[in-house]
Structure formats: structure tokens, C-alpha cells
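Peer 1: Predicted model and sequence follow; I will ask about them next.
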Amino acid sequence: MSAKNHRSISLILAGASCTLLGAGAPTKAVAEEASAWDFNTSLLYYGEDGDRVKDFSVSAIAKRMFVDDRYLTLGLTVDGLTGATPSGAIRQDVPQTFTRPSGNAAYTVPAGVLPLDDTFKDTRVAINGSWQQPLGESGLINLGASASREYDYMHLGVNARYARDFNRRNTTVSAGIALSMDSLDPVGGAPIPLTPMLDVGDTSNRLGDQDKDVFDVVFGVTQVLSRNLVVQANYSYSMSDGYLTDPYKVLSLVDGTTGDTLLRTPTPGVEGPSHQFLFESRPDERTKHSIYGQAKYFMNGKVLDASYRYMTDDWEIDSHTVDLRYRIPFGEQRYVEPHLRFYTQTEAEFYRLSLPDTEPLPAFASADYRLGNFDAITVGLKYGWRTRSDDEWSIRLEAYRQTGTVPSSQVIGNQASRDNYPDLNAIIVQVGYRF
Amino acid sequence: MNRTMLAAVAMLCLGTGCASMGVEPWERDVLAKAEMQLTTDELEAATDDHIYFSKEASSGGRGFGGGGCGCN
């Protein structure tokens, strides 16, 4: 047989192989695709004690793997929120009447009770999606978008992250950027900062819709230190710009000597506030810097996950967060994971318990307890198990407690005998199912 | 200044120390386990981020701090 014939036979065989492979390939691809979606779902209950905020939430993340390590991720969360939240006004020894944020009605808080705004009821729907794929031999790019809608709030966001491996993939350096464009349409309109709460039906100090933009940058390094230890360090920069005031929060205007809230008489025949309250005011810019470190250490089957975050911002809030999780397997399919989290923050420079009438009004003031000086602790336990079909269930139960203090220089007269900081106790129950 | 410091640390790490740290590809059995990933459960992490974003003055660190809710 000549060389030419050899070549022809080779080509025919090659062609036949291709046809066979070609015919077989789609079947295989279909089989792979059928199992290529991974779902992570959860049901959450978050409940604060008393009549405060309760949240029922359903979430799902669906992840689809494509060839060449490319991933599509889609997420959906629906939150149902009810309950009451501290309005910012201080307790009094007499009942206090407030106009609701809508401006359409009034409500009264009994003597000695922390004023809560009980009109809080909302449904939040949030969606997000991202596409991740390799870029070059050791790079990875992730592009994402997010949107959420509440009755009085809308969020639109885009983000991008690039990561690159070095040193036999033991070192990963990453950089990410995110832009968020939010708009607020507060119930009753956004009040003009530091103007008084008015009688029912008087909306003369309300503005229209407001906007807020947030720009985030994150740089990170992940390093494998040994067969059992991997660590990560991140630096984040975040700049918020726009309407950062909480349109539903107020401050009590008080007597500079007694510390009691100044009385007010509503217009005859109209319901209205019994005392003087001013809507809060925050700067329209905020810049935050964070340093975050995390270590994961494998110890004979058990895994310690420890992280720390330091945050500082130009509102003069500094915070420290330590988060510890310890996963203990028992048997082949089950584990428990105790969780401890410690958090502490200093108050914003414009945090005020109340505004005394003896001092000129500051440009910025807020009595929002979340901008105050407080510590928080979370204690939790998670239990997880894998089914025979390789699905995974988990349930976690956590308790969250915040305890705060008001700087003594801000406590005036009779305020000293009252509980000024609205401590918070909440429980978190989350059931997860992955399949 | 923080960014400069981080860049310096990253450069130092890449150029010297970390190059000799780490493991060979065949020693990644433990690191490849699901429970050894930096984020083991994305949904739980997102839930926690959302709760603490709503109740505290800090956010982000692990990832983007972002906006996304008018939380009360």
C-alpha cells in the first residue's frame, strides 16, 4: 500500500471518529447540563423583642456551571417586614403624641415608654445576577448587577471583580468595584432636616424624592499558608453621596435645665404632636475605610473560621468586629457549628440624645441608636446534615443583643433617671436547603 | 495611605515571602473541601451582612458594603 493510500484511510477513519464523537457529544452535554444547576435556598425569621421589627424572608441562589469554569449566578430574596422601630424621641414621664410619617394621622405613646414608630410595614424584593469566567491563564473576572424594591426605596447596582492567582495558585490578588444608585420616596415625603414635626395634614416641610449613590472599592489578598491554613486580607473604601438622612427619625427638643421635652399645642381641632420634635439631619457625604482579615484553619476535621474587621469613617464612627465559627463534624454527614460575634462602635460626631433649647441648632444631628455608642454580641449554633442524595440541610439559631450608652455629657437633668438607650434583643432562625 | 500600605504588602508578598509559602497542587485535598472555602454558605453570609447592615453603622469588609436598602 502506498503512502498516499495510508493517508486516505487515516483521513476516512478520522472523519468517521469525528462523526461518532459528534453524534455522541450532545447526549453527554445534555446529561451534564441537567445536573449543572445548584440551588441554595433558605427561610429566615428575624425577630426583635417587644413590638419591634420582625422579618420573614425567603431567599434562593441558583448557580449554573458551564464548560471552562464559567458560572452564572442568580439570586432572589423576598422580605416581609413588620413591627416598630425607635423614632429617636426620648422617654417622658407623660404620654407623648406624634404625627405619623405619612402626615395623615397621629399616635400616642404612654408615659415612661420608649417612643416607637409602629407604622413600619414593608415588603422588599431583591434580585441579583452575576457572570464569572476565567480571564487569561490565571485570572478570573466576575460581573454582576443587583436591584431591589421596597415601598419607599429602590436600589440599582452594578459590580465587577477581577482576581489573579500567583505562586502555584497559593496567592490570589483581587480588586473589585461596585456602584449603587438608590432612590428614596419616603412615606409622606422626605422632611426638610431639622424642621419640626407638624400637625396632621400639614405637609409644608416635606420634599419630593431623594437620591443616594454609593461607590465601593475592595482590594484583597488571599494566601494559602499551609495544607491546613488559608488567610485573607481586604481593604475596602466606600463613598456615599446624597440623601443619607433617615426620613422617619426625629430628635426631642428639650429644656436645657430639666432635660424634659418642650410642650407644644396642636392647632385647635387638629391632631398633632404634644411635644416639640425635629426631623434629623445627616451630612450628605460619608467615606468609610475598612480592613478585614480572615483565617480558616483545618484541625483534624474541625474547621476554625476567624475574622476581624476594623472600620473607620468621616462621621467619626470607629468599629471593631470579631467573628468566630467552629465547625465540628460528627459522623460522615453531620456537623455542628457554634458561632460567636462581637461588635463595638463609637457614636457619630453628630449623635445627640436630644437637642437642648439653650444651644443653637447644630447643622447635623441624629438620635438614631444605630449611630450611637454600643456593643453587640451574637451567640449562635448551626446544625447541618447531608442526605443520601447528597443534598444538604442546615438550621441555625442565633441570639443578637445590643447594649448602648449615651455619652454622659449629653444627658441633661431628668434624663439621668431614665433609660435612654433602646437596647435591642433579637433572635435569628434560618433553615437552609442546598440541592 | 491605607491603600499604599496594602499595595506595599501585596508587592512584598508577591516578590518575596509568599512565593515560597503555600502548597503543591497535589497537597490541596484539605483546602479543596467545601468547609475550607472562605465563604462556605453565600446565602447565610448575605443574610448576616443584611441584618448587620440594618442594625449597625458598619457594613462590608468581606465584600462590598454597598447600599441596597432603606432599612429601619
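Peer 2: Received the coordinates, thanks.
Peer 1: For chain A, see how far away B:Arg62 is.
Peer 2: 6 Å (CB to the nearest CB, to the nearest Å). (Each C-beta comes from the backbone N, C-alpha and C, glycine too.)
Peer 1: Confirm that residue sits in a helix?
Peer 2: No. B:Arg62 is assigned coil when assessed by DSSP: H, G, I helix; E, B strand; the rest coil, not a helix.
Peer 1: count of neighbours near it?
Peer 2: 21 (other CB atoms under 10 Å in any protein chain shown).
Peer 1: residues in contact with it?
Peer 2: By CB atoms under 8 Å, 6 or more residues apart in numbering or on different chains, the contact set of B:Arg62 is A:Asn234, A:Tyr292, A:Gln294, A:Ser307, A:Arg309, B:Thr39, B:Ala45, B:Asp49.
Peer 1: could you show me where the helices are in chain A, in order?
Peer 2: A:3-34 (DSSP state H).
Peer 1: which residues of it score low on pLDDT?
Peer 2: A:1-35, A:120 (pLDDT under 70).
Peer 1: Closest residue of it to chain B?
Peer 2: Here the residue of chain A nearest chain B is A:Asn170; by CB to the nearest CB that distance is 2.7 Å.
Peer 1: Was I right to think that residue contacts B:Glu24?
Peer 2: No. Taking contacts as CB atoms under 8 Å, A:Asn170 lies outside contact range of B:Glu24: 9.3 Å.
Peer 1: Mind jotting down where the strands sit in the stretch 251-400 of chain A?
Peer 2: Remark: strands assigned in the stretch 251-400 of chain A by DSSP state E, counting those that start in this stretch are A:277-279, A:285-299, A:302-313, A:318-330, A:334-345, A:355-356, A:373-386, A:392-405.
Peer 1: now, of the ones you listed, which is deepest in the fold?
Peer 2: For the strands of the stretch 251-400 of chain A, average neighbour numbers computed from mean count of other CB atoms under 10 Å in any protein chain shown are highest in strand A:277-279, which has a mean of 26.
Peer 1: Could you measure from A:Asp55 over to A:Leu114?
Peer 2: Applying CB to CB, to the nearest Å, the value for A:Asp55 to A:Leu114 is 20 Å.
Peer 1: do A:Glu392 as well
Peer 2: Note on A:Glu392: its distance to A:Leu114, by CB to CB, is 42 Å.
Peer 1: Of A:Asn170 and B:Glu24, which one has the most company?
Peer 2: A:Asn170 (23 against 9).
Peer 1: so what's that one closest to, chain neighbours aside?
Peer 2: Of all residues not flanking A:Asn170 in the chain, B:Gly22 sits nearest, at 2.7 Å (CB to CB, 6 or more residues apart in numbering or on different chains).
Peer 1: Wait, a strand at the one you found?
Peer 2: No. Secondary structure assignment (three-state DSSP) places B:Gly22 in coil, not in a strand.
Peer 1: Could you count how many residues lie near A:Leu263?
Peer 2: Burial of A:Leu263 is recorded as 12 neighbouring residues (other CB under 10 Å).
Peer 1: how about it, what does it touch?
Peer 2: A:Ser274, A:His275, A:Gln276.
Peer 1: bridging residues for it?
Peer 2: In this entry, A:Leu263 is beta-bridged to A:His275, by DSSP bridges.
Peer 1: Output the lowest mean pLDDT helix or strand found in chain B.
Peer 2: The weakest-scoring helix or strand in chain B, judged by mean pLDDT, DSSP states H and E, is helix B:2-15 (a mean of 54).
Peer 1: Which neighbouring elements make contact with the helix or strand just after it?
Peer 2: With elements assigned by DSSP states H and E, the helix or strand that comes after helix B:2-15 is helix B:42-55. Helix B:42-55 sits against strand A:37-48, strand A:54-66, strand A:392-405, strand A:424-434, with contacts defined as 3 or more CB pairs under 8 Å, 6 or more residues apart in numbering or on different chains; DSSP states H and E.
Peer 1: Same list (these) but as CSV, adding distance to chain B.
Peer 2: Output for the helices and strands packed on helix B:42-55, formatted as CSV (distance: least, CB to the nearest CB, whole Å):
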stretch, distance to chain B
strand A:37-48, 5
strand A:54-66, 6
strand A:392-405, 7
strand A:424-434, 6
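Peer 1: Would you mind confirming that A:Ser204 makes contact with A:Pro196?
Peer 2: No. Contact criterion CB under 8 Å: A:Ser204 and A:Pro196 do not qualify, at 10.6 Å.
Peer 1: who touches stretch B:43-51?
Peer 2: A:40-42, A:44, A:46, A:57, A:59-61, A:75, A:77, A:396, A:400, A:428, A:430, A:432, B:39, B:59-60, B:62-63, B:69, B:71.
Peer 1: let's see 7 Å
Peer 2: Here stretch B:43-51 makes contact (CB atoms under 7 Å, 6 or more residues apart in numbering or on different chains) with A:Asn40, A:Ser42, A:Leu44, A:Tyr46, A:Ser59, A:Ile61, A:Ile428, A:Gln430, A:Gly432, B:Thr39, B:Ser59, B:Arg62.
Peer 1: got it, and stretch A:413-424?
Peer 2: Contacts of stretch A:413-424 (CB under 7 Å, 6+ apart): A:48, A:86, A:90-91, A:114, A:257-260, A:353, A:369, A:372, A:402-406, A:411.
Peer 1: and if you look at stretch A:231-239?
Peer 2: Stretch A:231-239 has contacts (CB under 7 Å, 6+ apart) with A:214-223, A:225, A:287-295, B:2-3, B:6, B:38, B:60-61, B:65.
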